[in-house]
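Trainee: With the input below, show me the fold.
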Amino acid sequence: MKLEIKGLHVSIEGREVIKGVDLTVNEGEFHVLMGPNGSGKTTLSKAIMGHPAYTIKAGDILVDGTSIKDLSTDKIAKLGIFLGFQNPIEVEGLGVINFLNTARGAIARDNAPFKEFMDDFKKNVASLKIKEDLVNRPLNFGFSGGEKKKVEILQMAMLKPKMAILDEPDSGLDVDAIKHVAAKITEIRKASNPGILLITHYSRILKYMDPEYVHVMQDGKIVREGGKELIEEIESKGYKA
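Mentor: As a prediction, the model looks like this:
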């Protein structure tokens with residue numbers, strides 16, 4: 001899958017937040033989008049996924065050369081694009097296992113028997129060090145911030161997207177949990193080769209990963225681009241260097 005963002009301008013409640021972004025993520029590539037709070041990173045992720053509160057004023061979002069900017073979120077997801085939320089919501093009454101099994105069926109890329117699904121589920125829960133009682137609760141209900149983030153990566157592992165947008169997957173995680181999440185993302189990448197766009201403003205999770213491309217966003221624009229060396233420069237000098 002190839003995701004292309006071309007000359008994108010996005011507004012919310014009449015205020016322009018994304019001010020002309022160009023970005024391409026190919027299958028198998030690992031991109032990092034960094035920048036200070038309020039620079040537009042989360043807005044970009046939600047615009048890609050068709051959030052109705054965000055209005056595309058100009059530009060386009062393409063998947064394999066076809067525009068998706070007018071598609072609904074469910075249709076975008078069915079193409080194989082996954083969004084790990086910055087602040088995952090609680091869904092009372094919907095169990096984690098039922099949610100994932102239903103999502104798997106809706107995407108219709110995995111017709112494995114339920115036993116195989118559960119075997120895969122248990123393996124991923126164990127590797128992420130997720131407490132067993134969490135997966136028997138309603139989705140994210142009563143979870144800590146770090147637990148919600150782990151379950152987001154669990155969803156990515158189970159749904160096997162072609163393109164994954166991960167909005168601050170390190171938020172709320174302690175040092176050990178960051179290592180587990182980073183290792184799991186790396187494992188998923190090796191197993192199914194999705195394109196990855198990881199959004200963060202801290203370099204801590206990136207110490208355990210090997211991104212190829214780094215983009216820096218400020219005031220709704222991508223202002224700098226480079227390789228992994230750019231992360232070290234940001235760490236030592238900040239975003240305004």
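
Trainee: what about residue 19, neighbour count?
Mentor: 16 (other Cβ atoms under 10 Å). Placement of C-beta: from N, CA and C, glycine included.

Trainee: what bridges to it?
Mentor: residue 9 (DSSP bridges).

Trainee: I'd assumed residue 9 was in contact with it.
Mentor: Yes: between residue 19 and residue 9 there is a contact at 6.1 Å, judged by Cβ atoms under 8 Å.

Trainee: Which residue ranges of the protein form strands?
Mentor: 2-12, 15-26, 30-34, 55-63, 66-67, 81-84, 91-95, 138-139, 163-167, 195-200, 213-218, 221-226 (DSSP state E).

Trainee: Could you export those to CSV, including columns for distance to residue 48 and mean pLDDT?
Mentor: Shown next, in CSV, are the strands of the chain (distance: least, Cβ to Cβ, whole Å; pLDDT from 0 to 100):
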stretch, distance to residue 48, mean pLDDT
strand 2-12, 7, 97
strand 15-26, 10, 97
strand 30-34, 11, 97
strand 55-63, 6, 98
strand 66-67, 12, 98
strand 81-84, 7, 96
strand 91-95, 22, 91
strand 138-139, 22, 92
strand 163-167, 6, 97
strand 195-200, 8, 97
strand 213-218, 14, 96
strand 221-226, 14, 95
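
Trainee: mind checking which of the ones you listed is nearest residue 239?
Mentor: strand 213-218 (6.4 Å; Cβ to Cβ).

Trainee: ok, residues contacting that closest one?
Mentor: For strand 213-218, contacts defined as Cβ atoms under 8 Å, 6 or more residues apart in numbering pick out 21, 23, 29-36, 39-41, 44, 222-228, 230-231, 234, 239.

Trainee: strands paired with it, and their directions?
Mentor: Sheet pairing here is set by DSSP bridges, and for strand 213-218 it gives strand 30-34 (parallel), strand 221-226 (antiparallel).

Trainee: what's the closest of those strands to residue 81?
Mentor: Nearest to residue 81, of the strands paired with strand 213-218 and by Cβ to Cβ, is strand 30-34 at 14.0 Å.

Trainee: Name the residues that touch that closest one?
Mentor: With Cβ under 8 Å, 6+ apart as the test, strand 30-34 has contacts from 23, 25, 41, 44, 189, 195-201, 203, 206, 209-217, 231, 234, 239.

Trainee: Alpha carbons only: can I get that strand in PDB?
Mentor: Extracted in PDB, the C-alpha atoms of strand 30-34 (Å, rounded to 0.1, in the frame of the first residue of the first chain):
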ATOM      1  CA  PHE A  30       8.800   3.300   8.900                       C
ATOM      2  CA  HIS A  31       8.200   7.000   9.200                       C
ATOM      3  CA  VAL A  32       8.200   9.100  12.400                       C
ATOM      4  CA  LEU A  33       6.400  12.400  12.600                       C
ATOM      5  CA  MET A  34       7.700  14.600  15.500                       C
END
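
Trainee: could you check the angle strand 15-26 makes with it?
Mentor: Angle of strand 30-34 versus strand 15-26, following axes from the mean of the first three to the mean of the last three Cα atoms, to 10 degrees, is 160 degrees.
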